[in-house]
Structures are given as structure tokens and as C-alpha cells.
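**Student:** With the input below, show me the fold.
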Amino acid sequence: MSTANPALHHLNIKTRRLNEMVDWYATVVGASVQFRNDYAAWMTNDGANHRIAFLSPPGLVDDPDKRRHAGLHHSAFEFESFDHLVASYERLRDLGIAPAVCLDHGMTVSMYYCDPDENFVELQSDIFGDWRASSEWMRTTLAFQDNPIGTFFDPEPVCRAHREGQDYGAIRQRILSGEFAPEREPDLGLSN
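**Tutor:** Next comes the predicted model:
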């Protein structure tokens with residue numbers, strides 16, 4: 001019998017802000033509560049029994065220097081298409097929720113948001129629309145070897161170009177040329 005690889009099932013996050021975290025994940029990734037009590041909640045945004053769990057025991061303290069300490073950098077949720085990513089961006093923007101960082105990683109286009117505990121949550125779509133193709137690109141292209149983080153962009157002009165009918169291929173060329181660069185380089189939490 002061959003060894004089966006397990007699939008990632010859920011994240012469990014300790015928090016001092018249970019109510020805010022439940023509300024935020026409901027709004028941002030469409031998660032609904034499966035079970036909740038005074039110190040914990042289990043949520044899902046698909047058919048699984050839960051994808052995100054929150055534990056809020058008494059005595060937790062925040063880490064004021066969390067981005068400089070070792071630990072989980074971000075969680076990520078993938079949309080089926082760039083169209084869905086743009087629609088999510090516009091919906092969240094209209095609710096006052098803005099991404100902290102936007103990147104074209106080469107294999108994905110990604111928007112990183114900060115949840116109420118300042119954890120990065122990436123919303124992304126695969127540029128290739130095919131995991132085999134994007135995986136092959138990561139393994140073999142010099143572009144990824146030279147710049148595995150990617151190119152920062154300002155989401156407003158990118159989404160405007162999309163609304164005007166440009167496909168992501170054309171938009172991507174404009175991102176890579178620097179036309180849609182943000183005014184200042186965002187803090188991805190990877191340097192001091």
C-alpha cells in the first residue's frame with residue numbers, strides 16, 4: 001500500500017478578539033460558524049466541518065513585535081479566477097476593508113489583508129488557471145528564481161483596468177513594467 005499524503009484541513013488561531021475574528025472571517029472569506037461558545041469558534045466556508053478554528057482562553061497576550069518573530073506568515077484562500085478576486089476586492093473595499101499588500105507572485109496574483117489580530121490572510125487566484133502549469137513555472141523559470149516574492153501593485157488601477165475590459169495578461173505586463181506600483185513599498189513583514 002502506498003503512502004497517502006494528507007490534505008490541509010484547517011487552521012487554528014489563538015486570539016484575544018474572538019468576536020472580531022469571527023465577524024472578520026465571515027465577511028472576508030465567507031466563513032460561517034459551525035459551533036461557538038464563550039472561548040472558541042469553529043467556522044467553514046465550504047463543505048468541511050470546519051476550516052478555521054479560534055481559541056480564546058483567558059490569559060492570552062498579544063505579541064507587539066509579531067511580524068519580526070518566527071511563526072506562521074499567512075494563510076491563503078484561492079479564488080477560481082481573477083474576476084472573482086477583483087469582485088472580492090471591490091466588495092471588501094466598499095466595506096472599508098483594504099489589502100495591506102498586493103503582489104503578482106508570477107504564479108498567483110495576491111492581495112494580503114490583515115485580520116483583527118494582524119495575521120496576514122492572502123486572497124489569490126492562479127495566474128495560469130492550472131496548478132500543474134503554475135507549478136512547472138515555479139520550478140523552471142528564472143523569473144521566479146530571481147524574484148520569488150514578486151511585484152507589488154496598487155489594487156485600484158489594476159481593478160479599474162480589469163473593469164475596462166483588459167484581461168489579466170495585459171494587466172500583468174503593466175504591473176511588471178511598474179505602471180501600477182504603489183506609492184511606497186508595502187511591509188510584507190519579511191525584513192527588520
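**Student:** which residues touch the nearest residue to residue 74 once chain neighbours are set aside?
**Tutor:** Nearest residue to residue 74 in three dimensions, chain neighbours excluded: residue 120, at 3.5 Å (CB to CB, 6 or more residues apart in numbering). Heads up, the C-betas are built off the backbone N, CA and C, glycines and all. The neighbours of residue 120, taking CB atoms under 8 Å, 6 or more residues apart in numbering as the test, are 73, 74, 75, 100, 101, 112, 113, 114, 188, 189.
**Student:** so residue 120 bridges to which residues?
**Tutor:** Per DSSP bridges, the residues bridged to residue 120 are residue 74, residue 114.
**Student:** so where do the helices sit in this protein?
**Tutor:** Along the chain, the segments classed as helices by DSSP state H run 18-29, 82-94, 131-140, 142-146, 155-163, 168-176.
**Student:** Mind putting those into JSON lines with mean pLDDT?
**Tutor:** Putting those into JSON lines (pLDDT from 0 to 100) gives the following:
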{"stretch": "helix 18-29", "mean pLDDT": "98"}
{"stretch": "helix 82-94", "mean pLDDT": "97"}
{"stretch": "helix 131-140", "mean pLDDT": "95"}
{"stretch": "helix 142-146", "mean pLDDT": "94"}
{"stretch": "helix 155-163", "mean pLDDT": "97"}
{"stretch": "helix 168-176", "mean pLDDT": "96"}
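**Student:** nearest to residue 39, of those?
**Tutor:** helix 18-29 (7.2 Å; CB to CB).
**Student:** What are the buried residues along the closest one?
**Tutor:** 18, 21, 22, 24, 25, 28, 29 (16 or more other CB atoms under 10 Å).
**Student:** list the contacts for the spatially most central residue of the chain?
**Tutor:** Computing the C-alpha centroid of the chain and ranking residues by CA atoms, centre = their mean puts residue 122 first, at 0.6 Å. Shown in contact with residue 122 (CB under 8 Å, 6+ apart): 74, 75, 76, 77, 110, 111, 112, 113.
**Student:** what's the farthest-apart pair in those?
**Tutor:** 75 and 111 (13.2 Å).
**Student:** Looking at these two now, which is surrounded by more residues?
**Tutor:** Using other CB atoms under 10 Å, the more surrounded residue of residue 75 and residue 111 is residue 111, with 24 against 16.
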